[in-house]
Structures are given as C-alpha cells and as structure tokens.
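Q: Next input, structure requested:
(one chain, ligands or ions: 2)
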Amino acid sequence: MLVKKIEFTNFRNLENTALCPKDGINVIFGNNAQGKTNIIECLWLFTGGRSFRGSKDSELIAFDSDHAEIRLEFNSEGRDQCIELNIRNGKRSATLNDVPKKYLSQIIGSFTAVVFSPDHLTLIKNGPEERRAFIDGALCQIKPAYAVQLSRYKKILGERNALLKDIPRHRELEDTLDIWNEKLAAEGAAVARTRALYTEGLKKHAALFYDGISEGRESLEIEYKISFRAENTMSSSEMSQMMLENLRKRQSDDIYLGYTTTGPHRDDLSVKINGKEARSFGSQGQQRSAVLSLKLAEAALLAEKKGEAPVILLDDVLSELDPSRQDYLLSRLEGMQVFITCCELSVPARGMICVDGGRLTCTEE
Ligand code: ATP
Ligand code: MG
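A: Ligands and ions are numbered 1, 2, ... in the order given. Modelled structure (predicted):
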C-alpha cells in the first residue's frame, strides 16, 4: 500500500493543496495546533472508517465552508487507484476509482491503514466496547464481509431487544421470543468465532512486539473473552448451541431488564501485562506500549492476510517513548510507508512535511 498523492479542499485548517509523500518514513513536523493530526485524520478517512478523534463529519469541513473534498491516489494490488471523499451537509460520500459508491462501507478494504494516536490509550483504559470496536474495525479491513455479518447481528439484537421491551405489556409475545433466540445465536456465534480466531492471530504478533518494546523485560497476553461461556476453540455449531442455551437461561432476566444480557455485544478482549490486567494495574507507559503492540500486531496481520502492508499512521507517539523504544518502533516499520507526527526533528526520514498554520511544505531527506 503506497500513498502517492493527497489533495485537500476545505479540510479542517489545511490549505487547499496537494501533497506527494515518499515511500518509507514521512515525518509530519510542526508546532502545536498547526494541522499535523489533521493530515493523519484525513489519511485515515480513506479507509472508510470514522474519524479516530470521534469527530462528526461536519467538523471536518473548514470553518466558513459548506463542503470539503479530499482525494487520495494510491498504489495497491499492483495498480494505481484513487478514492474521493466529499463531505457536505454533515454526510460523507465516496467514489472509488471514479465509480460513485452508494454506501461508504463499500470502500472499506481498498485502502488499508493502521492508526495510533494518544486517544487510543482508551483502548485499555475504557470499557469493553472500545476493545470490541478495535477488533471489529481491524476485521472489517481484512474481511469486508465481516461488516455485513456484524450489522446482521446488530439488527437482530435490536429486534430482540424491542420485543423484550414489549413483552411485559403483551405477555403473549413471549412465545415468539425463541425464534429470535435461534436467529441471534446463529449470527452471534459467527461473530464471536470470527473475533476469537482473529484474536488468536493477533496474540502471537502482539506478544512479540511487546517483548521487543520492553526489551524482553515484560510480557503481554491477550485473550478474547466470550460472554456466553463458549470456548474460543469451539466450532460454529457448538458455539451457537452454547449461546442459545444461555439466551434461554437468561430469558426471564432479559424480559425484566428489557435488553439482551448475553452475546458478542457483551464480549471483551482481556489485555494482561505480566499476568495482570493492564487496565487496572498497568502504568501509563505499559498501557501505551500495550496499545502500540496491538496496533503493530494489527498491521502485521493485515499485511499477512492481504499480502500487502497497510499504511502506518502514528500521531504523537515518539515524544512519549524513550530512545530505545523509539529505535525499536522505527526498526519494526521498515519496508512500510509511515506517517509520523512530531514537534522535534529527531527522526531519520525519507520525506519531511512541514506544517505551519495549515500551510504544507515538503522537503526531502
Ligand atoms: P498538536 O501538536 O497540538 O497535536 P496539531 O498540529 O496536531 O497540534 P491539529 O489537531 O491538526 O494540530 O489542529 C490544528 C488546528 O486545526 C487547530 O488549531 C484547530 O483550531 C484547527 N481546526 C480544527 N478543525 C477545524 C476546522 N473544521 N476548520 C478550520 N480549522 C480547524
Ligand atoms: Mg496533534
């Protein structure tokens, strides 16, 4: 995966211009509040994901403008391709290789990237929802069909929850609940199994990266935790049976509460450092290194499955790492195209993008 050209029109504070990055490491350099993260965010949007800052689409448009347009020329699968994103009236629309797409999700998997920003520390610090979203996002880039599978599960879950809320007022509806239990168990098992298998692959890479980052002093262990007591190694039908049994067992609780208390929407990813939960016991630096390892592992798996390395987007990473961890990180990124923001010029780079009040100037090594 190689970014060849990015064009910005009315995007955040960035001037309307085009940028031609180099292969290898591109350093995005500038003082605070100049537009560095805006460039990283722009690149990430071409994956088809939402802003990793949690921004609304309308916030991406430059103040005083009514629309923004960003365009990416990249090389993937041996050919030059392009994606155009238009943001207008708070909505994004996309064209892939000049063909308009009805849904934004149709571009997912074309341009692949892995992003790390300080905000991603919440992956460890916050609740299970963010960890599930991390696995889901990573899986969607590898296997766009997974996005369809997941939305099918969420739709059935919503329907079962609506029914649960209606049952106390219309008891006769309880008889129809088992049809939804069966549908939900079949889709839910497929989602949980895909996530569990993905986590097995991620586990090995993440452990190796963490070992490298910590210079062999600490260990990282991750595990997908299924909420409905199925084993990660079970077949789809065994898992589906387990989930169905759990749904039936908890049926009266679910009716009382008005929502479904078991299923992959309640699963978690356990992240342990030296055998202890990183969320409760990890230091700031350990948590950062753990997230970084998860992200590098995500990139390694993406490269393995797609046969081509994703673009790596690193926002404000270096200032937080000591020199040996910086060296390790940069050595692991060899051979990939990397965009890395920093306020000091301390990294050997192929390309240098200077950002000053949204004005971009490129220089070479
Ligand atoms: P830091 O080093 O502090 O992280 P940065 O260079 O990464 O800084 P950015 O987060 O990219 O800075 O933001 C740069 C500027 O973009 C901010 O000052 C912000 O006011 C401005 N900005 C954000 N959204 C918009 C927008 N929609 N229109 C115009 N300017 C915007
Ligand atoms: Mg920034």
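Q: could you list every residue that touches the residue nearest the centre of the chain?
A: For the chain, residue 137 is the residue whose C-alpha lies nearest the centre (Cα atoms, centre = their mean; 4.0 Å). Contact analysis of residue 137 by Cβ atoms under 8 Å, 6 or more residues apart in numbering lists residue 49. Any C-beta I mention is one placed from the backbone N, CA and C, and that applies to glycine too.
Q: So residue 125 sits against residue 287, correct?
A: Yes: Residue 125 lies in contact with residue 287 (Cβ atoms under 8 Å); the separation is 6.8 Å.
Q: Show me whatever sits in contact with both of those two.
A: By the contact definition Cβ under 8 Å, 6+ apart, residue 125 and residue 287 are jointly contacted by residue 279.
Q: higher neighbour count, the two?
A: Neighbour count, other Cβ atoms under 10 Å: between residue 125 and residue 287, residue 287 has more, with 20 against 14.
Q: In this structure the more buried one contacts residue 277, no?
A: No: contact criterion Cβ under 8 Å: residue 287 and residue 277 do not qualify, at 10.8 Å.
Q: Would you mind listing what in this protein touches ligand 2?
A: Where the chain comes near ligand 2, counting by Cβ under 5 Å from the ion, the residues are 36, 37.
Q: Give me every residue in the chain lying close to ligand 1.
A: 12-13, 30, 32-38, 59, 61-63, 343, 355 (Cβ under 6 Å from any ligand atom).
Q: what about 5 Å?
A: By Cβ under 5 Å from any ligand atom, the residues of the chain that approach ligand 1 are 12, 13, 32, 33, 34, 35, 36, 37, 38, 62, 63.
Q: out of those residues, which are buried?
A: 12, 34, 35, 36, 37, 38, 62 (16 or more other Cβ atoms under 10 Å).
Q: And the residues you listed, which is closest to ligand 2?
A: Nearest to ligand 2 among those is residue 37, at 3.2 Å by Cβ to the ion.
Q: Among the buried ones among the residues of the chain next to ligand 1, which one lies nearest to residue 254?
A: residue 37 (42.2 Å; Cβ to Cβ).
Q: Grab the nearest non-local neighbour of that closest one.
A: In this structure, residue 37 finds its nearest non-sequential neighbour in residue 315, 5.4 Å apart by Cβ to Cβ, 6 or more residues apart in numbering.
Q: Likewise for residue 270?
A: residue 223 is the one closest to residue 270 (Cβ to Cβ, 6+ apart), at 4.8 Å.
Q: Residues contacting stretch 300-311, please?
A: By Cβ under 8 Å, 6+ apart, stretch 300-311 touches 1-3, 43, 76-77, 111-114, 138, 141-143, 198, 201-202, 205, 209, 299, 335-339.
Q: Produce a PyMOL select command limited to the buried residues of these.
A: What follows is the PyMOL syntax for the buried subset of those, where burial is set by 16+ other Cβ under 10 Å:
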select buried, resi 1+2+3+43+76+111+112+113+114+138+141+142+143+198+201+202+205+209+299+336+337+338+339
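Q: So which of the contacts of stretch 300-311 sit within strands?
A: Residues of those located in strands (DSSP state E): 2, 3, 76, 113, 114, 338, 339.
Q: Could you dump those into JSON lines and include pLDDT?
A: Shown next, in JSON lines, are those (pLDDT from 0 to 100):
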{"residue": "2", "pLDDT": "98"}
{"residue": "3", "pLDDT": "98"}
{"residue": "76", "pLDDT": "97"}
{"residue": "113", "pLDDT": "98"}
{"residue": "114", "pLDDT": "97"}
{"residue": "338", "pLDDT": "96"}
{"residue": "339", "pLDDT": "97"}
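Q: Which of those sits closest to residue 236?
A: Distances from residue 236 to these, taken by Cβ to Cβ, are shortest for residue 114, at 28.4 Å.
Q: Next up, the contacts around the closest one.
A: Listed by Cβ under 8 Å, 6+ apart, the contact set of residue 114 reads 295, 296, 298, 299, 302, 310, 311, 312, 313.
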